[in-house]
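> Turn this into a model:
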Amino acid sequence: MKARLAFVLFLLASLVWAGVTYTDFLKALGQRESTMNPRVTNQFGHVGLFQFSEAALQDVGLYSGDGTPKTNDWTGTFTGKYGVSSLADLLANPDAQVQAVSAYHRQMWNTLTKVYGAESYLGTTINSVPITASGLVAAAHLVGAGTVGEWLKSGGATDPADGNGTRLVSYLGQFAGYTLAFAPPSYAEVLAGTPSGGSPGGHVPTPSPLRPSAGTGSAALLNGSGFGYTSAAQGFFGATGYHMGQVRQFLVGIAAMTLVTWIAWVIVAKWRGLSEGFDTKRELAVNVARAIVLTWIVLLIMM
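Below is the predicted model of the structure:
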């Protein structure tokens with residue numbers, strides 16, 4: 001029993017990674033778009049935590065549109081999806097906003113991959129900016145999936161921006177390195193997020209070669225000041241070639257398979273004990289239930 005407990009504790013410790021989950025991504029995006037204010041409306045009529053447009057909410061089936069030439073005047077009707085029947089409902093319901101943005105991001109990622117083959121660009125750089133899945137989704141959130149897809153196909157020949165002058169490449173860098181799950185968390189979970197992916201300045205610099213400058217000696221090489229990393233996530237990628245989120249996903253997969261195998265072992269062992277008279281039916285039920293509950297707790301912590 002002690003060995004099992006030690007294994008679970010080790011498993012939990014191995015899952016304490018930097019904040020690069022999809023929940024952390026949404027926290028970072030909400031901070032950038034609205035400073036986490038679910039009731040805000042900007043000068044272009046974009047609303048809420050993630051600054052939705054009418055078109056974005058039409059795409060996810062939350063808004064029916066209004067047919068007026070003016071965009072984002074919100075004179076049309078809402079569908080009732082996510083419990084939202086009016087603009088006031090939307091602004092008062094941040095959980096619905098999180099559900100809507102998750103559905104919207106899923107649609108944009110499908111467009112980027114199926115129409116523009118975005119997966120083939122992952123891990124490459126364009127104009128010294130690393131191409132990651134989360135960076136592409138954030139950029140599509142800013143200027144649209146079609147604009148991002150065309151930018152990829154052009155090899156960065158264009159320099160798209162939104163109405164505020166925010167450049168596509170700034171979002172590619174600022175929101176790089178997060179994992180994408182698209183399973184909507186709660187608003188409370190987003191508020192508790194601790195984002196650490198991407199680059200604070202938005203543009204991720206190309207690391208310098210691993211060599212000292214003339215006259216600086218070995219000490220300057222060891223302090224790492226010439227690499228241009230502005231976060232732990234960038235440093236990890238520069239050292240390993242993998243994003244923290246990718247490694248975390250791999251470990252979570254291993255952990256999940258291990259837990260399922262453990263439950264199977266508990267069931268088989270206790271069933272054998274029952275058949276040989278060493279265990280009672282009550283002991284079988286209690287041990288299996290305990291294993292299932294513990295597995296669910298660990299899996300919930302990992303999500």
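
> G123: how many residues sit nearby?
By the criterion of other Cβ atoms under 10 Å, G123 has 14 neighbours. For every residue, glycine as well, the C-beta is placed using N, CA and C.

> ugh, wrong one, I meant K153
K153, neighbours per other Cβ under 10 Å, totals 11.

> Check T41 too.
16.

> Hmm, it is touching L49, no?
No: counting by Cβ atoms under 8 Å, T41 does not reach L49; the two are 11.7 Å apart.

> joint contacts of those two?
Here T41 and L49 have no joint contacts, going by Cβ atoms under 8 Å, 6 or more residues apart in numbering.

> pLDDT weak spots in the stretch 201-303 of the chain?
Applying pLDDT under 70 to the stretch 201-303 of the chain picks out residues 201-249, 299-300, 302-303.

> Can you show me the strands along the stretch 51-200 of the chain?
Along the stretch 51-200 of the chain, counting by DSSP state E, counting those that start in this stretch, strands occupy 125-126, 129-130.

> Name the strands paired with the last one and say parallel or antiparallel.
Yep, that's strand 129-130 we're talking about. strand 125-126 (antiparallel) (DSSP bridges).

> Name the residues that touch the strand it pairs with?
For strand 125-126, contacts defined as Cβ under 8 Å, 6+ apart pick out 131, 152, 155-156, 206.

> and if you look at stretch 277-296?
So stretch 277-296 is contacted by 8, 259-260, 262-263, 266-267, 270-271, 273-274 (Cβ under 8 Å, 6+ apart).

> Now intersect those residues with the strands, please.
Members of the contacts of stretch 277-296 lying in strands (criterion: DSSP state E): none.

> Buried subset of the contacts of strand 125-126, written for PyMOL?
Buried members of the contacts of strand 125-126, defined by 16 or more other Cβ atoms under 10 Å, are picked up in PyMOL with:
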select buried, resi 131+152+156
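
> Between the contacts of strand 125-126, which sits nearest D73?
Nearest to D73, judged by Cβ to Cβ, of those is L152 at 32.4 Å.

> now the closest one: how far from T113?
11 Å (Cβ to Cβ, to the nearest Å).

> returning to that earlier point: what is the nearest of the contacts of strand 125-126 to P195?
Looking across those and measuring by Cβ to Cβ, the closest to P195 is I131, at 19.3 Å.
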